[in-house]
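# build the 3D model from these lines:
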Amino acid sequence: MQHRRTASTPEVKLSKTEVEMLSGWKPDAAETRAGHHGEDPMVQQMNIIRGYIRQAQDARRWDEVHMLKENLQELQQVYWAQSESRDS
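Down below sits the predicted model:
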């Protein structure tokens, strides 16, 4: 499955659907914190992943927790790199 990638959103390893197919577990999108209008799309995506991590922890889905934390770290690294390049 190909992900659409834009300049402001890096490709995440696995989508929510791919997590469902591989593990049989899926996070509840209704329980994740919705982004505020005007919030950076990468910040919104990081907040969604944080919500998925909490749900995976509550469900004791440790493989998913690990994978989601890796994805969050990658997003954070790209976000900070972009922030630094904008500030210079």
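# and the gap between the nearest residue to D28 once chain neighbours are set aside and L72?
Counting by C-beta to C-beta, 6 or more residues apart in numbering, Q55 is the residue found nearest to D28 once chain neighbours are left out, at 6.3 Å. (Each C-beta comes from the backbone N, C-alpha and C, glycine too.) Between Q55 and L72 the computed distance is 13 Å (C-beta to C-beta, to the nearest Å).
# now name the helix or strand holding the residue nearest to Y79 when sequence neighbours are not counted.
The spatially closest residue to Y79, leaving aside those adjacent along the chain, is M42, at 4.9 Å (C-beta to C-beta, 6+ apart). Under DSSP states H and E, the secondary-structure element containing M42 is helix 41-58.
# tell me what that helix is packed against?
Under the contact definition 3 or more C-beta pairs under 8 Å, 6 or more residues apart in numbering; DSSP states H and E, helix 41-58 sits against helix 62-87.
# what residues of stretch 43-54 count as buried?
Judged by neighbour count using 16 or more other C-beta atoms under 10 Å, the buried positions of stretch 43-54 are Q44, Q45, M46, N47, I48, I49, G51, Y52, I53, R54.
# TSV please, covering those and showing distance to G38 and pLDDT.
As requested, the buried residues of stretch 43-54 are arranged in TSV below (distance: C-beta to C-beta, whole Å; pLDDT from 0 to 100):
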residue	distance to G38	pLDDT
Q44	10	93
Q45	15	94
M46	16	95
N47	14	94
I48	16	93
I49	20	95
G51	19	95
Y52	23	95
I53	24	96
R54	24	96
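# understood, closing this out.
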